[in-house]
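Asker: quick one, what's the 3D model for this:
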Amino acid sequence: QVQLVESGGGLVQAGGSLRLSCAASGRTFSRYTMAWFRQAPGKEREFVAAIGWSGDRLYYADSVKGRFTISRDNAVNTVYLQMNSLKPEDTAVYYCAAGVRVVVTTPRYNYWGQGTQVTVSS
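Answerer: Just a heads-up that it's a prediction; the model follows:
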């Protein structure tokens, strides 16, 4: 079992930055592909970014490429999402996910956090 707890969300003006963190329980964190998804009101959950177990494989949605950076620290069981140049359309609840043998862009991960709200004002 893996439990995921997100933090770092909040309210920011357009053009600003936020850094999300996702702390994972369990001794097998380093085995999992980790990802961030987001869901805006009335919309489906969408892929944002993912990182392989060793940190050498990175995946990004086209909408966030060049603005967001995913990273992980297996020593402290944490994955991060650095979000720069935020736009109002980035407003959503952001979810952390962990999985093995997953198609990284689909929301079929084994474990999910409760989510953290990110609101970008114009």
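
Asker: count of neighbours near Ser121?
Answerer: In terms of burial, Ser121 registers 11 neighbours under the definition other Cβ atoms under 10 Å. Glycine gets a C-beta too; all of them are placed from N, C-alpha and C.

Asker: now the phi/psi pair for it, please.
Answerer: Ser121 has phi and psi values of phi -90, psi 150 when expressed as degrees, to the nearest 10.

Asker: nearest spatial neighbour of it, skipping sequence neighbours?
Answerer: In space, not counting the residues next to it along the chain, Ser121 is nearest to Gln13; the distance is 5.4 Å by Cβ to Cβ, 6 or more residues apart in numbering.

Asker: test my guess that that neighbour contacts Val120.
Answerer: Yes - the pair Gln13 and Val120 qualifies as a contact (Cβ atoms under 8 Å) at a distance of 7.3 Å.

Asker: those two - which one has more neighbours?
Answerer: Here Gln13 and Val120 are set side by side on neighbour count (other Cβ under 10 Å), and the busier one is Val120, at 20 against 10.

Asker: pretty sure the more buried one is in a strand, no?
Answerer: Yes - the secondary structure assignment for Val120 places it in a strand, going by DSSP: H, G, I helix; E, B strand; the rest coil.

Asker: give me the beta-bridge partners of it?
Answerer: Val120 has these beta-bridge partners by DSSP bridges: Val12.

Asker: quick check, it in contact with Gly9.
Answerer: No - Val120 is not in contact with Gly9 according to Cβ under 8 Å; the separation is 10.8 Å.

Asker: about what we covered before: any idea how far Ser122 is from the residue nearest to Ser121?
Answerer: Between Gln13 and Ser122 the distance, using Cβ to Cβ, to the nearest Å, works out to 8 Å.
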